[in-house]
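1. sequence first, then the predicted structure:
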Amino acid sequence: MPLETAPAASTAAVISRTEARQRAARNRKLSVYAARAAVLVGFLGLWEACARGGVIDPFNFSQPSKIWDQIWQWTTHGTAQGSLGEQIGYTLYEALAGWVVGVIGGVLLGITLGRIRFLADVFGPYIKVLNAIPRIVLAPIFLIWFGLGPASKVASAVVLVFFPVFFNAFQGAREVDRNLVSNARILGASNRKVTLQVVIPAATTWIFTSLHVSFGFALIGAIVGEYIGATKGLGLLVAAAQGTFNAAGVYAAMTILAVVALLTEGLLTFAEKKLFRWKPADAGDGR
C-alpha cells in the first residue's frame, strides 16, 4: 500500500502546485487590469475636476466630458468630412498600406545586406545618411509629388516604417548562430536554402520586435501627411479642430487614434503568440 500511495500523493502535490501557480497568475493579471483602470479613472477624474474648478483653462485644455461629447457627436452625426468610420478607415488604409510596403522592403533589404557583406559595405553609408534625415520633413515633399490623395500618406508611412524594420532584419541576419549555418552547409544546403531555412527563421524574432514599433510609425506617417494636406482622415480632423480652436476635437481625434493603435497592437501580439508558441515565457510573466 505505501508503494502505491506514494506516487499518487506526489502527483497530487504537483497538480496542487500547478493550480496554485495558475491561480496566482490569474490574480496578478486581474490586479494589473484593476490598477490600470484605477489609474485611468483617477487621471480623467482629476482632469475633469481641475477643468470644472478653474485650475486649468477648459478652453485650452478641454475636459473629458467634452471630449466624450465630441466623439459621440462624430459617431452619431458624422464629421464635416463624412462619417467617423470613413475617416478611421481612410487613415487605417494609408497606415496599413505604408506598413506593409515598408515591412516587405525592410525585411528583404535587411536580410539581403545581412547575408551579403559586399552589398552591406557598398550601400551601408547611403542607408545611414538616409536614416539621419528627419523623415517627417519629407511629408511636404511627398504631398508635392503625389498630391492630396492617399499616395502621399502611404509614402510618409513607408519611410517611417522601413528603417526600424530594416535594421532589425539586418541585425537578425547577422546574429544567426554560425554553428547552425555551418551545420546546414555540411549537410549540403545551398546559400538559398541556408537563407530560407536557417537565417530567416532565426531573424523572425528580431523582425517581429520591430513590427510592434513600426505600425505606430505608420500611423504617425499617415496622420502627419493628412495634417499637412488631405481630403479625409483623422489627421484632417485634428487640423480642422485646431483651425477652429476646438481643443475637445483635437483630443477626441487623438483618443480615437490611440484606440486604433492599441487594437492593432493587440492583434500583432496575438499573431506573435500564435507563431511563437514554442518560445518560453519571459521570466517576469506570471509573477
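-> Structure's in. What do you need?
2. need phi/psi at T79.
-> Phi and psi for T79, reported as degrees, to the nearest 10, are phi -110, psi 180.
3. no wait, G82
-> phi 130, psi -170.
4. skipping its backbone neighbours, what lies nearest it in space?
-> K232 (6.5 Å; Cβ to Cβ, 6 or more residues apart in numbering). From N, CA and C alone the C-beta is placed, and that goes for glycine too.
5. OK, contacts around the one you found?
-> Shown in contact with K232 (Cβ atoms under 8 Å, 6 or more residues apart in numbering): 81-82, 86-87, 90, 226.
6. and for V129?
-> Not one residue lies near V129 by Cβ under 8 Å, 6+ apart.
7. one more: the one 10 residues further on?
-> Under the criterion of Cβ under 8 Å, 6+ apart, the neighbours of A139 are 152, 156, 221, 224-225, 228.
8. that older thread, so the residue nearest to G82, which of the three states?
-> Three-state call for K232 (DSSP: H, G, I helix; E, B strand; the rest coil): coil.
9. just the pLDDT for E4.
-> The model reports E4 with a pLDDT of 50.
10. residue ranges of the helices in the stretch 1-150 of the chain, please?
-> Counting by DSSP state H, counting those that start in this stretch, the stretch 1-150 of the chain has helices at residues 2-52, 58-61, 64-77, 84-115, 117-132, 138-146, 150-174.
11. those helices into TSV, with extra columns for distance to L267?
-> Formatted as TSV, those follow (distance: least, Cβ to Cβ, whole Å):
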stretch	distance to L267
helix 2-52	19
helix 58-61	33
helix 64-77	22
helix 84-115	11
helix 117-132	28
helix 138-146	26
helix 150-174	16
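12. figure out which of those helices is closest to G249.
-> helix 64-77 (5.4 Å; Cβ to Cβ).
13. model confidence over the closest one, on average?
-> Taken as a whole, helix 64-77 has a mean pLDDT of 91.
14. which residues sit against that helix?
-> Residues from elsewhere that reach helix 64-77, judged by Cβ under 8 Å, 6+ apart: 44, 47-48, 58, 84, 237, 246, 248-249, 251-252, 255-256.
15. okay, the closest residue to G102 other than its chain neighbours: pLDDT?
-> Among residues not flanking G102 along the chain, V161 sits closest, at 2.8 Å (Cβ to Cβ, 6+ apart). Model confidence at V161, given as pLDDT, is 92.
16. how far away is V161 from P64?
-> Separation of V161 from P64 (Cβ to Cβ, to the nearest Å): 32 Å.
17. again, but for I207
-> From I207 to P64 the distance is 38 Å (Cβ to Cβ).
18. show me which of these two is the more surrounded one.
-> Higher neighbour count among I207 and P64: I207, with 21 against 17, using other Cβ atoms under 10 Å.
19. let me know whether that one touches A169 as I believe.
-> Yes - look at I207 against A169 with Cβ atoms under 8 Å: they come within range, at 5.4 Å.
20. mutual contacts of the two, please.
-> Joint contacts of I207 and A169 (Cβ under 8 Å, 6+ apart) are V107.
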